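Q: Whatever this is, show me its structure:
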Amino acid sequence: MADAVMSENINVVYMVAANDGQLLDSWKKIDQTYNVINTRQIIEELLIEGKQRKNDFRIKLYNLSQTNSAKVFPKLVKEILNNPGWEECTNCPYSSEESMCPILENKKRLENEEDLIIERLTDLLSLCEINELHIPLRQLLLLVSNMLLGHPDVKDKLLNCKDIPKIIDGNSLYKASIYRNIFGENLLERKRNSIDIFLTLNRFGIGTETNALIDNILIFGEDDNQYSELYKKLVLSDKYYGADATFISEKKAYLEGDLLDKYSFLDLLKSQRQRLFFVIPKDQEDKLKIWNLTTFHYAGEFLNDVYKSLLEQKRVHSQYTTRMVKGLNRIITGLLVEDKDRLILSTSGNSSQAKVSRVLEEFISVKQNRGEYVKFELDNDTQKIYLTVGFSNDIPPVRLHLQLIRFEFISRVAEGTLPGSFSRECYEDILAFKSRLLKRLEDRRKVENDDEDTLLTLNLLKVNEKGLVESKPLEVF
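A: Modelled structure (predicted):
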């Protein structure tokens, strides 16, 4: 093999799949010939540098741990759906519309582009990748298998052909819903929480999160003219997993106050919300606020309007920059300010970490002005998103790594809708960013030789009736 890598044997091609540590150990254990030593060194260099190949050597190294799960997932689904083994289902007695096998029904939905399952799952995986949550290939294989075969009432919680008659006769077809299976709902909670892909996807809270409009459609849509059209389109049109007889009867009992077990209905309602996340048409996304079905209400903007714009080297709309600035201003000052065209740097006079900081240090222009700016940036090497604050052409800017949770946190602060459940860690991260901003401001003052006058003037912040900050000078002798 080493001879082939060193071009001494060009008639043989080897394909090896191995853990990187095991791969290097294996090369160390064999006879250390000149070609073996060089090949091992090349492999080590490729792993360290994150590259696939090296000039003049016949080797390609594909590091699967570095592959983007959002890019791999659609290709993986396509390969599974095109497997020739599916042809054996052609003559199955449960392949008709009247008595459809749930495995075939789930396959059909994966193949149907209008169902948006692949597209929206790819969006979720993209958000994971942006936040440095890599999903290995084996976890993606596990996900697709569970999507197609999952059912809580069969052995190993995965369907096989022998289970289908029992599932259809027992009226538990709805439990095989691909939309539930995406989140591992067919598995026991302990098992589900031990599998990385389901643990990661359930962090989005899809099913447990909702908005009033979605729940009104699901619960009152059948009888309320205000929601009836959407109810027909989003629920009644899906006779397998939407207008399932169990959901309809449980909903009716809930509305009439005859429900003996409210938790069973809430579980069905959760499944419907999960389904809607993947079936709401694109032209209804804004109206129905699809991302409110997740923990991260601003995830769609973060992915489509910030990340993808930066990736395509397009300008990010100013509304997202100014919202970030408004949120940062509220955190930095501890005041309910409305300023969004300038970044306010303030302290309490003796501490930058105080909850309320009324002593103005400086305003930083959002629009580029003599080296000052606030903008989004994408690191081309790491694909990380940053909010960058420039102070001067003479000193480096300060960058805040914008993960999804930080973007959500700052956005919610800006809009005044921050729930108490949000992590305090985000708040502390922004205070640490504030300290770095104040340090860079100090660096700029040194470069510009801003000598302090013997007469010290403190500028105190005051919020006017419009929520805008005004500064009032206070002379200290």
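
Q: quick one: low-confidence ranges for the stretch 251-400 of the chain?
A: For the stretch 251-400 of the chain, applying pLDDT under 70 flags the ranges 351-352.

Q: would you list every one of the strands in it?
A: 342-347, 359-365, 373-378, 385-390, 398-401 (DSSP state E, counting those that start in this stretch).

Q: So which of the ones you listed is nearest E442?
A: strand 359-365 (9.1 Å; CB to CB). Quick note: C-beta positions are derived from backbone N, CA and C, even for glycine.

Q: mind listing what's buried in that closest one?
A: The neighbour-count check on strand 359-365 (16 or more other CB atoms under 10 Å) flags V359, L360, E361, E362, F363, I364 as buried.

Q: now the last one: how far from V463?
A: Right, the one you point to is I364. Remark: distance between I364 and V463 (CB to CB, to the nearest Å) = 18 Å.

Q: Can I get stretch 6-18 in PDB, CA atoms only?
A: Extracted in PDB, the C-alpha atoms of stretch 6-18 (Å, rounded to 0.1, in the frame of the first residue of the first chain):
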ATOM      1  CA  MET A   6       4.600   6.600  -3.300                       C
ATOM      2  CA  SER A   7       3.700   5.900  -7.000                       C
ATOM      3  CA  GLU A   8       5.900   2.700  -7.200                       C
ATOM      4  CA  ASN A   9       2.800   0.500  -7.800                       C
ATOM      5  CA  ILE A  10       0.200   2.300  -9.900                       C
ATOM      6  CA  ASN A  11      -1.800  -0.800 -10.800                       C
ATOM      7  CA  VAL A  12      -3.500  -1.300  -7.500                       C
ATOM      8  CA  VAL A  13      -5.900   1.000  -5.600                       C
ATOM      9  CA  TYR A  14      -6.700   0.500  -2.000                       C
ATOM     10  CA  MET A  15      -9.700   1.700   0.000                       C
ATOM     11  CA  VAL A  16      -9.400   1.800   3.800                       C
ATOM     12  CA  ALA A  17     -12.000   2.900   6.400                       C
ATOM     13  CA  ALA A  18     -10.600   3.300   9.900                       C
END
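
Q: CSV please, covering the strands of the stretch 251-400 of the chain and showing distance to E301.
A: Formatted as CSV, the strands of the stretch 251-400 of the chain follow (distance: least, CB to CB, whole Å):
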stretch, distance to E301
strand 342-347, 20
strand 359-365, 23
strand 373-378, 12
strand 385-390, 12
strand 398-401, 17
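
Q: These: which one's closest to A4?
A: Among the strands of the stretch 251-400 of the chain, the nearest to A4 by CB to CB is strand 373-378 (39.2 Å).

Q: Name the strands paired with the closest one and say parallel or antiparallel.
A: strand 385-390 (antiparallel) (DSSP bridges).

Q: Give me the pLDDT for Q32.
A: On the pLDDT scale, Q32 is placed at 85.

Q: and it, that's in a strand?
A: No. Under DSSP: H, G, I helix; E, B strand; the rest coil, Q32 sits outside any strand and is assigned coil.

Q: Burial check on C92, number of neighbours?
A: 14 (other CB atoms under 10 Å).

Q: And T210, by the same measure?
A: That count, for T210 with other CB under 10 Å as the rule, works out to 20.

Q: The residue found closest to it once you drop the neighbours it is linked to in the chain and L173, how far apart?
A: Among residues not flanking T210 along the chain, R273 sits closest, at 5.4 Å (CB to CB, 6 or more residues apart in numbering). From R273 across to L173, the span is 19 Å (CB to CB).

Q: cool, and I331?
A: Distance from I331 to L173, by CB to CB: 50 Å.

Q: Run a quick neighbour tally on Q403.
A: 19.

Q: nearest spatial neighbour of it, skipping sequence neighbours?
A: What sits nearest to Q403 in space, not counting adjacent residues and going by CB to CB, 6+ apart, is N131, at 4.9 Å.

Q: Then I59?
A: In space, I59 is closest to V5, 4.9 Å off (CB to CB, 6+ apart).

Q: So that neighbour sits against Q41, correct?
A: No. Using CB atoms under 8 Å as the test, V5 is too far from Q41 to be in contact (10.9 Å).

Q: And these two? Which one has more around it.
A: V5 (20 against 11).

Q: From E301, how far off is the closest residue to R315 other than its chain neighbours?
A: Nearest residue to R315, sequence neighbours excluded (CB to CB, 6+ apart): S309, at 7.0 Å. S309 sits 10 Å away from E301 when distances are taken as CB to CB.

Q: same question for stretch 59-66, mean pLDDT?
A: The pLDDT scores in stretch 59-66 average 78.

Q: Could you give me the buried positions within it?
A: I59, L61.

Q: Distance from it to the middle of the chain?
A: Centroid separation for stretch 59-66 versus its chain: 25 Å, with CA atoms, centre = their mean, to the nearest Å.

Q: May I have the distance across that stretch, first residue to last?
A: Its first and final residues considered, stretch 59-66 spans 18 Å by CA to CA, to the nearest Å.

Q: which residues are in contact with that stretch?
A: For stretch 59-66, contacts defined as CB atoms under 8 Å, 6 or more residues apart in numbering pick out 5, 20, 39, 42-43, 46-47, 50-53, 134, 136-137.

Q: Same check on stretch 283-293?
A: Contacting residues not belonging to stretch 283-293 are listed as 206-207, 209-211, 213-214, 230, 273, 276-277, 280, 297-300 [CB under 8 Å, 6+ apart].

Q: Among the residues you listed, which one lies nearest to D238?
A: The nearest one, if we look at the contacts of stretch 283-293 relative to D238 and count by CB to CB, is L276, at 10.0 Å.

Q: how many neighbours does that closest one have?
A: L276 has 24 neighbours, counted by other CB under 10 Å.

Q: what do you get for E250?
A: Using other CB under 10 Å: E250 sits among 20 other residues.

Q: And V279, by the same measure?
A: Neighbour number of V279 under other CB under 10 Å is 21.
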